[in-house]
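Undergrad: model the following, please.
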Amino acid sequence: MFEKILLPVDGSEPAMRALRVGADVAGRYGSEVAVMCVYRHHGPLEASLSMVRPYEPGSPDKALNEYANSVVVEAAGELAALGFNDVKQIVRRGPVARTIVRYAKDHGFDLIVLGSRGLGDVEGFLLGSVSHKVTSLADCPCLTVK
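TA: Okay, here's the model as predicted:
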């Protein structure tokens, strides 16, 4: 039923719970799984005002990319502990929900499993959560985990 499952993660506890649920579903169906972390691009003005690393000036995008890579490595490690050895690790930069949906569509994913709330709770309250946007935009089924 589900041949390919995309597991977007941001390092939050809800995302890691969703990862475990996604692994359970994948195990039941013998699905291929991929973990993905998307970070938002910071323009030159935002970069000049950034407090990401105040003692190590540089691009916030670089710091966010490093964090995103560490998140997918941690997620892939958790999946490996659950018996998934061939986990694709994806890091992308862009509008989070749209990037997840576009990647899922372009690469033929049958299911997206993600946490209902992640690290952007305040932004989610004001603008709508990433999970809400993903479920609204995706062509494939989505499972949100609380």
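Undergrad: what residues does stretch 139-146 touch?
TA: Outside of stretch 139-146, the residues within contact range by Cβ atoms under 8 Å, 6 or more residues apart in numbering are 14, 17-18, 21-22, 25, 101, 104-105, 109-117, 131, 134-135. C-beta coordinates here come from the backbone N, C-alpha and C atoms, glycine included.
Undergrad: ok, longest strand in this structure?
TA: In the chain, assigned by DSSP state E, the strand with the most residues is strand 32-39.
Undergrad: centre of the chain to that strand, how far?
TA: 5 Å (Cα atoms, centre = their mean, to the nearest Å).
Undergrad: so for that strand, what's the average pLDDT?
TA: Mean pLDDT, computed over strand 32-39, is 97.
Undergrad: from residue 4, how far off is residue 84?
TA: Distance, residue 84 to residue 4, by Cβ to Cβ, to the nearest Å: 13 Å.
Undergrad: overlap in contacts, those two.
TA: Common neighbours of residue 84 and residue 4 (criterion: Cβ under 8 Å, 6+ apart): residue 33.
Undergrad: helices or strands next to the lengthiest helix in the chain in the packing?
TA: With DSSP state H setting the assignment, residue counts place helix 60-81 as the longest helix in the chain. Helix 60-81 sits against helix 13-29, strand 32-39, helix 44-48, strand 88-93, with contacts defined as 3 or more Cβ pairs under 8 Å, 6 or more residues apart in numbering; DSSP states H and E.
Undergrad: right, I'll leave it there.
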